Structures are given as structure tokens and as C-alpha cells.
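> okay, sequence plus prediction incoming.
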Amino acid sequence: MPTENSQSTPRKITRWVGGLFVVTCIGGLLSWGIYYVPSMVLTAPIKNSMTYTVRRGDLRVTLTEQGVLSSTDNTEIRCKVRGRNTVTWVIPPGSIVEKGDVLVRLDTKVIEESLSLQKTNVFEATATLAETETNLASINLSIAAYESGDYRERLNTKQTEVIIAESNFASAQKLYGHSKLLFKRGFVTELELESNAFTVTQADLELKVKETELFVLKQYTKALELERMRGNLEATQSKIAADQAGLQTDIARRDRAAVELENCTIVAPKSGLVIYPTAAAWKDTPDVAEGVAVSHDQVLLIMPVLDTMQVQIGVHEAVIDEIHPGLSATITLPDHVLEASVTDVSNIAKPLGSWSANVVKYDTIIQLPHTPGLKPGMSAGVEILIATHKDALSLPVSSVVDTSAGTFCWLSTANGPKKQQLILGDSNHIFVLVVQGVKEGDQVFLHPLTDIEEAQDDVGKFLSQAIPTDSAAITRNQSSGSNIGGGIQ
């Protein structure tokens, strides 16, 4: 039989195990409470959504841009030296100068050498022209001397020779005739008669030669000699014209070099303020500085008229059609707020550069009223009033969500958020005009993407449709070098 002690032992073990179980359960509950209850309390979302009450009012549609002041009437100081030259000194920008003050000095070494060379060329060309003019005078004298002297002398000589030949021929004929009478009487021999006959023949030939020489002198020699002299005369006259043109060219080069040497020192054409031209956006240094190379007709400095100022801005191509002369504009300066209007809108876009990120903009000018203290280069905030909608319904831009199904807002109702489709009009980037979808007094959520899960889901679906998620599409985008996010419209 079991004893009392043997029976009491199992009951003790049972009570100990039961107590241990109870302690374990209590410890587990405490542990769960310590670790999970605080986290549940801390992570429970506590939303305090902000809403906006739809109401009527005036909606101003404006364009805001940054610009820089400039003068509408500038006196441009340009480089008048041909080719490229180097600036050796330039007056500091913002200086007030008097008429005749030195503004810029350019390097003169090359021009001084050119001027010296041109002076030498002028001296040489002058000497060459004088020599040619002397030759021309000599040729003119030679022609007159030939016609009046040399030709006359040679003509007289030839005529005398002909007369002598004629006399000799006549004498020979008489002697031959007398010899024939004497031969018949037997006083001369046949040999003597033949000798006298030969003398006649010889005298006749001599006469013909002299007559021929006289004819050639009159008809050909004179004409040839005069033609040769006149040819030399024309050639010399042409050479004189060429020498004169060369001299004038050398003189023009010398004078131009002298003027360019003078233009290396640029002075103020009037009294006033001097500023530097606006450097290109991609440049870190101004276009005019000591040691910088400048080119012919480049604008080195500007002397603005401070009485007439303007602001030039660049308007994006997306809104340029809405901007036209006459629109009101508010100009915000460091010390002034001015009211003006658009004066001019360019029809041609500004040239694109590597620094412009392919953003197409059009120059737009706003002329300012006369205001003391305005200076070129001042930064200016420009707000152009494009349109004003009177007594219109509008919503904050932040309360509107674009989805693949359209544009929506979320109304705050007694039953919770209600999705509402919208038809919108103009916007000023803060408020947007509502054409249809809400009425005055409606409460809309200001930040639906933050406060409403449905808005988040709609945008998520829109993004998932716009961005390819399958691996094939991603591979195609990567192989073509495209950005996956670039598909969002």
C-alpha cells in the first residue's frame, strides 16, 4: 500500500508545476505588454488632414522671371584696330569718366612695325614714280626731236644722195653718147666704148638704190620709229599710272597704320558711366581684361544713358505665345518696386549653347519709367500679368492630382474623402482655375497624396503604367540608353 508520504509527493509536484505555469503565463503577458503595447500605441497613425474651403475670388495668372537692368540707349566703345590685338590696360567697370579720358590701351608693337614699313614703302614708291615720270618726259622729247631733227637730217641726206646719183647718171649717159660718136670715127676703141656703157649701167643702179632708200625712209622708217617711240610713251604712261596707284596704296596703308596706332588708345567720346559688356553665360571671366585678345569691331565697353533703363528676360517657348507688348509687369529691385509694361517680344529664339541645357527662350524687353538710382547690371524680379479672372472658383495647386484617368481632387464629406474629377483652366502655380467639378463652399484636401490612400494608389498606378516594370522593357531602355523615369508625362 502506498504510504502517506508517497501519496503527498505527486500532489506537491502537481502544485509546483501548476504554479510555474501560472508564473510563466503572467511573465509572458507582461513581456507582450512591455514590447508590443507601446509599439502599437506609438505607430498608430494620427492624421490631422488640412482642408481648403472653395470660394470665389480674383485669380491673377502671371509669369515670373529674373532679369538684369540695362540702358535702352548705350554708346558702344568698339575696337577699331583690324585683326586681333591684346588689351594692355582697361579702366575698371563702374568708373565715371570725362570726355577724352583714356578707357582702353591696346598693344602697339606690331602696328608700330607696320607703320615703319609702310613709311619706307611710301619713300620707295615716290622715288620709282619720279624715275618713271623722268622717262616719260625723255620719250616725249625724243619724239619731238626725231620728227624735227633726226628725221629731217636723214631725209635731207637721202635726197642729196639721190640728186648726186641722178647727176652721175646723166654725166655717164652724156659720156657714153660722146664715146659712140668717137667710136664711129675711129677715135676710141670698142673696149673704151664698153667701159663707158658699164659706167652708165652702174650710175643707173646707184640712182635706183638711193631712190629706194629715200622711199623707205619716207614710207616705213619714219613710221616704224615713231610707232616704237609712241609705244614706249604709252608703256611709260601706264607705268606712271601703276606707280601712282602703288604710291597711293602705300600712302593709304601708312595712314591707316597711323590711325590704327592712334586707335590703340581708346578715349571716352563723352562724359558718363563706363561698364563692361555682359559676358556670355558660359564664361567665367569678362570679355575685356588685361592680356585678353580682342578683335576688330568687338564691343569693349559700354557707356549707358541712365535716364532710360529696361529689363531683358528670357521667356520659355511654352508660354511665349501668351506674352505680347502692352502686358502689365511689376519689377522688383533691391530698393524699388516699379510698375511697367512689356515693350518688345522677340520673334526669334536666343541661340542655344552648351550651357543652356537646350532650353529655348525668347528675349522680352520691359522698359522702365525714369527712376533715380537705377544702374545697369542690377538684378530684377519680373512678374508679368498675363490674365485676371474675376469672381472665379480656384483650388490650390497642391490639392490637384493628375492620374491616368484625368485630374481629380478629394472632397471632405461626412462619410469620408470623396474623389471628384475636375476640369481646370489657367494657373499661376499657386492656384488653378476650376471650370467644372467643385462648387463654392466645398472642402477639399490640401495634400491628398499625403493624406489619402486612394490618391496614392491612383498615382502609383499612373506611374506603373508610365514606367516599364517588366525585365524586357527595362532591358530595351537600358540598351537604348534611355532613363526609365523619362517615360513619365
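That came in fine, so what should we check first? The structure displayed is predicted, hence computed values, not measured ones.
> going forward, measure contacts and count neighbours with C-alpha atoms only.
OK.
> for the helix or strand in which Ala242 is found, name the packing helices and strands.
Assigned by DSSP states H and E, Ala242 falls within helix 222-263. The contact analysis (3 or more C-alpha pairs under 8 Å, 6 or more residues apart in numbering; DSSP states H and E) places helix 222-263 against helix 109-145.
> may I see the buried residues of the helix it packs on?
Across helix 109-145, burial judged by 16 or more other C-alpha atoms under 10 Å covers 111, 114-115, 118-119, 121-122, 125-126, 128-129, 132-133, 135-136, 139, 142-143.
> quick check: mean pLDDT of stretch 420-439?
The average pLDDT for stretch 420-439 rounds to 91.
> same thing with stretch 121-134?
Mean predicted lDDT for stretch 121-134 stands at 94.
> same question for stretch 312-319.
Stretch 312-319 comes out at a mean pLDDT of 90.
> could you point out which element follows the strand ranked longest in the chain?
When the chain is parsed with DSSP state E, its longest strand is strand 379-396. Heading C-terminal from strand 379-396, the first helix or strand you meet, by DSSP H and E, is strand 401-403.
> note down every partner strand of the helix or strand that contains Pro417 and its orientation.
Pro417 belongs to strand 416-421 when assigned by DSSP H and E. In the sheet, strand 416-421 lines up against strand 406-413 (antiparallel) (DSSP bridges).
> where are the low-confidence patches of this structure?
Residue ranges of the chain with pLDDT under 70: 1-48, 279-286, 352-357, 466-489.
> let me see the domain layout of it.
Following automatic domain parsing, one gets these domains for the chain: 51-73+305-396+420-437, 78-106+271-301, 111-263, 397-419+438-487.
> start to end distance for the longest one?
By C-alpha to C-alpha, to the nearest Å, the extent of domain 111-263 from end to end equals 10 Å.
> 37 is where my numbering starts, stick with that
In the new count, where the first residue is 37, that last one comes out as domain 147-299.
> and that domain, how far out from the chain middle?
Taking the mean of its C-alpha atoms, domain 147-299 sits 67 Å from the chain's own mean (C-alpha atoms, centre = their mean, to the nearest Å).
> name the SS class of the most centrally placed residue in the chain, please.
The chain has Pro387 as the residue nearest its centroid, 8.9 Å off, counting by C-alpha atoms, centre = their mean. Assigned with DSSP: H, G, I helix; E, B strand; the rest coil, Pro387 falls in the coil class.
> how far away is it from Gly130?
Distance, Pro387 to Gly130, by C-alpha to C-alpha: 29 Å.
> give me the number of residues near Cys115?
24 (other C-alpha atoms under 10 Å).
> what sits against it?
Asn299, Val330, Ser331, His332, Asp333, Gln334, Val335, Leu336 (C-alpha atoms under 8 Å, 6 or more residues apart in numbering).
> cutoff 7 Å now
By C-alpha atoms under 7 Å, 6 or more residues apart in numbering, the contact set of Cys115 is Ser331, His332, Asp333, Gln334, Val335, Leu336.
> of those residues, just the buried ones, ChimeraX syntax please.
Of the contacts of Cys115, the buried ones go into a single ChimeraX selection, burial set by 16+ other C-alpha under 10 Å:
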select :331,335,336
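> Provide the strand pairings for the helix or strand hosting Ile367, with the direction of each partner.
Assigned by DSSP H and E, Ile367 belongs to strand 364-368. Paired strands of strand 364-368, with direction, are strand 373-385 (antiparallel), strand 415-432 (antiparallel) (DSSP bridges).
> most packed of these?
Across the strands paired with strand 364-368, averaging neighbours per residue (mean count of other C-alpha atoms under 10 Å) puts strand 415-432 on top, at a mean of 18.
> work out the gap between that strand and the centre of the chain.
That offset, for strand 415-432, works out to 36 Å (C-alpha atoms, centre = their mean).
> contacts for that strand?
Everything outside strand 415-432 that qualifies as a contact, by C-alpha under 7 Å, 6+ apart, is 90-105, 358, 363-369, 466-470.
> ok, now how distant is Gln209 from Leu253?
28 Å.
> what of Gly282?
With C-alpha to C-alpha as the criterion, Gly282 and Leu253 are 41 Å apart.
> I'm done for today, thanks for sticking with me.
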